[in-house]
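Asks: one predicted model, sequence on top.
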Amino acid sequence: MKRLEASARRAIATVQEWTRSERSQGMTEFALIAPVILLLTFGIIDFGRGLYFYITLQQAANEGARVAVRASYFIDPNGAFHTWPTDADVASAVQAHAVTEVLANPCPNGPIPNGGNPVGSAQLPASNTGWIFVTDPSTAGNGVPNGPRGGLGTLPAPGPGCNAITPAVGNEPIKVTLWFNFQPLTPLIQQVVGNKIVITAYAVYRAEYSN
């Protein structure tokens, strides 16, 4: 009888020891794999955010270009009516469609930095903000005409190094280009890429003005 009890106790002790060992092993394995799972999860989230921003910006660029080339009546922010679209109208249309992005106009009519290539450009928007350019169809945005017929509108005059606006008057093509500096949420990805993931979008429409 005593031998049976001793055997039972040894069996129970063996099971408990095995259970503790399995639990410890499971916790160790989870500790090793959890960072990888979290990195993959947040990486998928960042990819989704980037895709969302790209689609939103492309739609905004199309709407901005559509506003730039059409001939119709507009109401500026001061409530005044005018016939021809302006850079300010284009910027307003773009911002209205890019509701989650903060966009500005450092050189609204070009040139676009680094010849129009954000890779390696010394000039980039701040993190999670963007720039709007209304130019001719060239990559660098350095040609003419480079804006809608109504001119700048309520936007301030271009600063040093920026092109003065030369409005289109007939059926010339006008290009709206957007640069958006996308910052991932995942800290490890941020460290790897820094603040240099620039999402670009553009649209080129031909003006529909009547002289």
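Replies: In hand now; what should we look at? Numbers count the residues shown, from 1 in each chain.
Asks: could you list the low-pLDDT ranges of this protein?
Replies: Where the chain drops to pLDDT under 70, the residues are 1-27, 29-31, 73-82, 100, 187-195, 210-211.
Asks: could I get the full set of helices for the protein?
Replies: 2-69, 87-97, 187-193 (DSSP state H).
Asks: the residue most central in space within the chain bridge partners, please.
Replies: Central residue of the chain (Cα atoms, centre = their mean): Phe180, 4.0 Å from the mean position. Applying DSSP bridges to Phe180 gives these bridge partners: Gly130, Ile199.
Asks: ok, it touching Pro125?
Replies: Yes: Phe180 lies in contact with Pro125 (Cβ atoms under 8 Å); the separation is 6.8 Å. Using the backbone N, CA and C atoms, a C-beta is placed for each residue, glycine as well.
Asks: anything in contact with each of those two?
Replies: Val198 (Cβ atoms under 8 Å, 6 or more residues apart in numbering).
Asks: contact partners for the residue lying closest to Ile112 once chain neighbours are set aside?
Replies: The spatial neighbour of Ile112 that comes closest, neighbours along the chain excluded (Cβ to Cβ, 6 or more residues apart in numbering), is Gly141 at 4.2 Å. Neighbour list for Gly141: 109-112, 116, 133, 135, 163, 175, 177 [criterion: Cβ under 8 Å, 6+ apart].
Asks: just the closest of these to Thr56, please.
Replies: Thr177 (15.2 Å; Cβ to Cβ).
Asks: ok, now which ones touch that closest one?
Replies: 61, 112, 116, 132-133, 135, 141, 200-202.
Asks: what does Ala60 give?
Replies: Contact analysis of Ala60 by Cβ under 8 Å, 6+ apart lists 93-95, 97-98, 101, 178, 201.
Asks: and Ala157, by the same measure?
Replies: Going by Cβ under 8 Å, 6+ apart, the list of residues near Ala157 is empty.
Asks: from Phe180, how far out is it?
Replies: Ala157 is 25 Å from Phe180, where distance means Cβ to Cβ, to the nearest Å.
Asks: gap between Cys107 and Gly161?
Replies: Noted for Cys107: a distance of 7 Å to Gly161, by Cβ to Cβ.
Asks: of the two, who's got more company?
Replies: Cys107 (20 against 10; other Cβ atoms under 10 Å).
Asks: quick check: that one touching Cys162?
Replies: Yes: between Cys107 and Cys162 there is a contact at 3.7 Å, judged by Cβ under 8 Å.
Asks: neighbours of Thr166, how many?
Replies: If you count neighbours by other Cβ under 10 Å, Thr166 ends up with 15.
Asks: pull up the distance across stretch 101-117, start to finish.
Replies: Length of stretch 101-117, first residue to last, Cα to Cα, to the nearest Å: 21 Å.
Asks: in that stretch, what's buried?
Replies: For stretch 101-117, the neighbour count (16 or more other Cβ atoms under 10 Å) marks 101, 103, 105, 107-113, 116 as buried.
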